[in-house]
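S.K.: Would you be able to build a 3D model of this:
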Amino acid sequence: AKEKFIVYHPNNAYSAMLISDLITQVSKYTTVDRVRRLYDSLNGKARNTYAGEVANEEMYLLLGSSEGASAPRFTLTSFDGELISPSHFRGKWVLLYFWASWCGACREDFPELRRWYEKYHPRGLEMIGLACRDEDAAWREAVSGVQLPGVQVRADEEIAGQESVTRTFLVSSLPQAI
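M.R.: Prediction:
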């Protein structure tokens, strides 16, 4: 119904708002290409509204975090105190795993993540675990206790001049892998 509304009302600000809603549903109910086509169908009247500006920004973020795209730039401090950026892993496949110590579904994924890492790390896979909405002490305890593979950082770390990493990657629920 949302997609039909957008198709039949490409000049309506509500259509732009629906684009933003569909972006949060990519991988569950729709695809990046489908949302891109719907966004491209919006005319200037819809794009020149506040909802259109938000949809434009979110489309930019979606396309930048889609499979095959170069990861948007960010720098965070690892569990070991090193500054980590996706550019450190240039030329390798990088799995970004957004999780939280309090998230039961996230913890259920940990054994599978370890298996993937052991299997694919020799072939060039790297993993960055990004803890979301965690207190520093809880995060450190969880990282020490579960022995997640790869590099572990806190996604909520605030670094001047850098947008929130969860916003950059449009993280709307946990766990999420990119």
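
S.K.: what residue ranges in this structure score low on pLDDT?
M.R.: Counting by pLDDT under 70, the chain contains low-confidence ranges at 27, 65, 67-71, 160.

S.K.: What's the biggest helix in it, counting residues?
M.R.: Longest helix in the chain by number of residues, with DSSP state H as the criterion: helix 104-120.

S.K.: hmm, who's touching that helix?
M.R.: Helix 104-120 is contacted from outside by 93, 95, 97, 99-100, 125, 127, 146-150, 174-175, using Cβ atoms under 8 Å, 6 or more residues apart in numbering. Just so you know, the C-beta spots here come from the backbone N, C-alpha and C atoms, and that holds for glycine as well.

S.K.: Buried subset of those residues, written for ChimeraX?
M.R.: Selecting the buried subset of the contacts of helix 104-120 in ChimeraX, with 16 or more other Cβ atoms under 10 Å as the burial test, is done by:
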select :95,97,99,100,125,127,146,148,149,150,174,175
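
S.K.: Can I get the longest helix of the chain as PDB, trimmed to CA atoms?
M.R.: Provided in PDB are the C-alpha atoms of helix 104-120 (Å, rounded to 0.1, in the frame of the first residue of the first chain):
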ATOM      1  CA  GLY A 104      19.400 -11.600  24.100                       C
ATOM      2  CA  ALA A 105      19.100 -12.000  20.400                       C
ATOM      3  CA  CYS A 106      22.500 -10.500  19.900                       C
ATOM      4  CA  ARG A 107      24.000 -13.100  22.400                       C
ATOM      5  CA  GLU A 108      22.400 -15.900  20.400                       C
ATOM      6  CA  ASP A 109      24.300 -14.800  17.400                       C
ATOM      7  CA  PHE A 110      27.800 -14.900  19.000                       C
ATOM      8  CA  PRO A 111      28.600 -18.600  18.500                       C
ATOM      9  CA  GLU A 112      27.600 -18.300  14.800                       C
ATOM     10  CA  LEU A 113      29.700 -15.100  14.400                       C
ATOM     11  CA  ARG A 114      32.700 -17.000  15.900                       C
ATOM     12  CA  ARG A 115      32.200 -19.800  13.400                       C
ATOM     13  CA  TRP A 116      32.000 -17.400  10.500                       C
ATOM     14  CA  TYR A 117      35.100 -15.500  11.600                       C
ATOM     15  CA  GLU A 118      37.100 -18.800  12.000                       C
ATOM     16  CA  LYS A 119      36.000 -20.000   8.600                       C
ATOM     17  CA  TYR A 120      36.300 -16.800   6.600                       C
END
